[in-house]
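1. okay, structure incoming, though there's no sequence with it:
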C-alpha cells in the first residue's frame with residue numbers, strides 16, 4: 001500500500017514507500033512485525049537473488065566501453081563521502097577510530113536499492129544503468145575494505161588483519177571476475193554442456209549457478225569480503241547465456257519481487 005502511494009501520489013519509486021512502511025511497522029516504532037530477524041533473513045535472500053540477476057544482466061560490450069569511467073566514478077563516489085565523514089568527525093573532536101567509523105558509514109552504495117530503482121525505470125540494461133551497477137559493485141568493495149580496516153583497528157593491529165580484507169576483496173573482484181568472464185564459460189561449455197542435450201542446457205546452467213553460489217558465498221564471507229560479491233561473481237559467469245537469463249527470470253521473478261518488498 002505504501003509503495004503504491006509513493007508511486008502514484010508522490011511520483012516516487014515504490015521502494016521509498018516500502019522503506020517507510022518498514023520503519024513505521026518495525027522495532028524502532030510500532031514494533032508490529034513479529035520475529036524481525038526472520039524477515040531480515042528473507043529480505044537478504046531476495047537481495048542475493050537480485051545480485052545474481054545483476055551479474056547475469058551485465059552486458060560485456062557495454063561494460064568494456066564504460067569500464068574505466070565506472071571505476072573512476074566508483075572510486076570518487078566512495079572516497080569523497082568517506083573523506084567527508086572522516087573530516088566532519090575530526091572537526092567534532094572524535095578520535096581516529098570513531099572518525100573512520102563515521103566515514104565508513106557514508107561510503108557504501110546499496111546495490112539492491114540501485115538495482116530495484118534502475119529496473120523500475122527500465123534503464124538497467126542501458127549504458128547509464130550498466131555504469132551505475134559496475135560503479136556500485138566497486139564502490140561496495142571499497143567501503144567493505146574500509147569497514148574491515150575499522151574492525152582491524154578495534155582489535156590488536158596485525159599485518160594480516162589489515163592486508164587480508166584488502167587482498168581478498170581485490171582478488172575476488174579482479175581475479176574472480178576475470179575467471180568468471182573469460183575462463184569458466186568455455187570450460188563449462190566444453191566439459192559439461194557438450195555432453196548434455198541442448199534442450200537441457202538452460203536447466204543445467206541454472207544448477208551450476210546455484211552450486212557456484214553455495215560455494216562462493218561462504219568463500220567470500222570467510223575470506224573477509226562481502227558474501228554478495230560471491231553471488232555477483234556466480235551470476236557474472238553466465239552473463240553471456242541468454243537462455244539462462246530467461247529461465248532465471250521466469251523461475252524467480254515473482255519470488256524476487258515479493259522478497260525485495262520485505
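-> Structure received. In this text, all values refer to a predicted model and were calculated from it rather than measured experimentally.
2. least trustworthy helix or strand in the chain by mean pLDDT?
-> The least trusted helix or strand in the chain, going by mean pLDDT, DSSP states H and E, turns out to be helix 127-154, with a mean of 66.
3. so what does the one helix or strand residue 258 maps to touch, helix or strand wise?
-> Counting by DSSP states H and E, the element that carries residue 258 is helix 242-259. Applying 3 or more CB pairs under 8 Å, 6 or more residues apart in numbering; DSSP states H and E, one finds that helix 242-259 makes contact with helix 36-57, helix 201-222. The way it works is simple: take the backbone N, C-alpha and C, and place the C-beta from them, glycine included.
4. dump those into a markdown table; add distance to residue 254 and mean pLDDT as well.
-> A markdown table is the format used below for the helices and strands packed on helix 242-259 (distance: least, CB to CB, whole Å; pLDDT from 0 to 100):
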| stretch | distance to residue 254 | mean pLDDT |
| --- | --- | --- |
| helix 36-57 | 11 | 81 |
| helix 201-222 | 16 | 92 |
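5. now, of the ones you listed, which is deepest in the fold?
-> helix 36-57 (a mean of 18; mean count of other CB atoms under 10 Å).
6. so which elements touch it?
-> helix 111-120, helix 201-222, helix 227-236, helix 242-259.
7. which of those sits closest to residue 187?
-> Among those, the nearest to residue 187 by CB to CB is helix 201-222 (10.6 Å).
8. contacts for that closest one, please.
-> Applying CB atoms under 8 Å, 6 or more residues apart in numbering, the external contacts of helix 201-222 come out as 48, 52, 168, 172, 176, 188, 192-193, 196, 226-227, 229-231, 233-235, 237-238, 241, 243-244, 246-248, 251.
9. which ChimeraX command selects the buried ones in those?
-> To isolate the buried members of the contacts of helix 201-222 in ChimeraX, using 16 or more other CB atoms under 10 Å:
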select :48,52,168,172,176,188,193,226,227,229,230,231,233,234,235,237,238,241,244,247,248
